[in-house]
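J.: Only the shape, not the letters, is given here:
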């Protein structure tokens with residue numbers, strides 16, 4: 001494991017100390033857990049259906065009425 005230094009506002013550090021005491025963990029363990037959860041969450045792939053209905057038009061909301069009334 002590699003040691004890393006981070007700078008936190010005093011109120012966040014105090015909250016971490018309180019939480020660590022309640023859970024019986026160290027602050028380092030809490031920070032590691034949060035970072036790990038974040039990395040897992042942000043690296044998850046989006047479903048294949050994402051973007052499937054993309055129209056390619058960037059102005060749909062401003063021209064909704066006009067577009068609904070036009071015939072193709």
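T.: Thanks, I have the structure now. Bear in mind the structure is a predicted one, so any value in this text is a computation, not a measurement.
J.: which regions of the chain sit below the pLDDT cut-off?
T.: 46, 50-57, 59-60, 71-72 (pLDDT under 70).
J.: 80 instead?
T.: Across the chain, the ranges flagged by pLDDT under 80 are 44-72.
J.: Let me see the ranges of the helices in it.
T.: With helices called from DSSP state H, the chain shows them at 10-23, 27-43, 64-69.
J.: Please identify which of those is closest to residue 4.
T.: Evaluated over the helices of the chain, closeness to residue 4 peaks at helix 27-43, with 9.1 Å, by Cβ to Cβ. Any C-beta I mention is one placed from the backbone N, CA and C, and that applies to glycine too.
J.: what about residue 8, neighbour count?
T.: 12 (other Cβ atoms under 10 Å).
J.: actually residue 6, not the one I wrote
T.: By other Cβ under 10 Å, the residues close to residue 6 number 7.
J.: In space, what's closest to it - neighbours in sequence excluded?
T.: residue 31 (7.3 Å; Cβ to Cβ, 6 or more residues apart in numbering).
J.: Was I right to think that neighbour contacts residue 17?
T.: No - the pair residue 31 / residue 17 is not scored as a contact, 11.8 Å apart, by Cβ atoms under 8 Å.
J.: returning to what we had before: make a markdown table from the helices of the chain and add mean neighbour count to it.
T.: What follows is the helices of the chain, written out as a markdown table (neighbours: other Cβ atoms under 10 Å):
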| stretch | mean neighbour count |
| --- | --- |
| helix 10-23 | 11 |
| helix 27-43 | 11 |
| helix 64-69 | 9 |
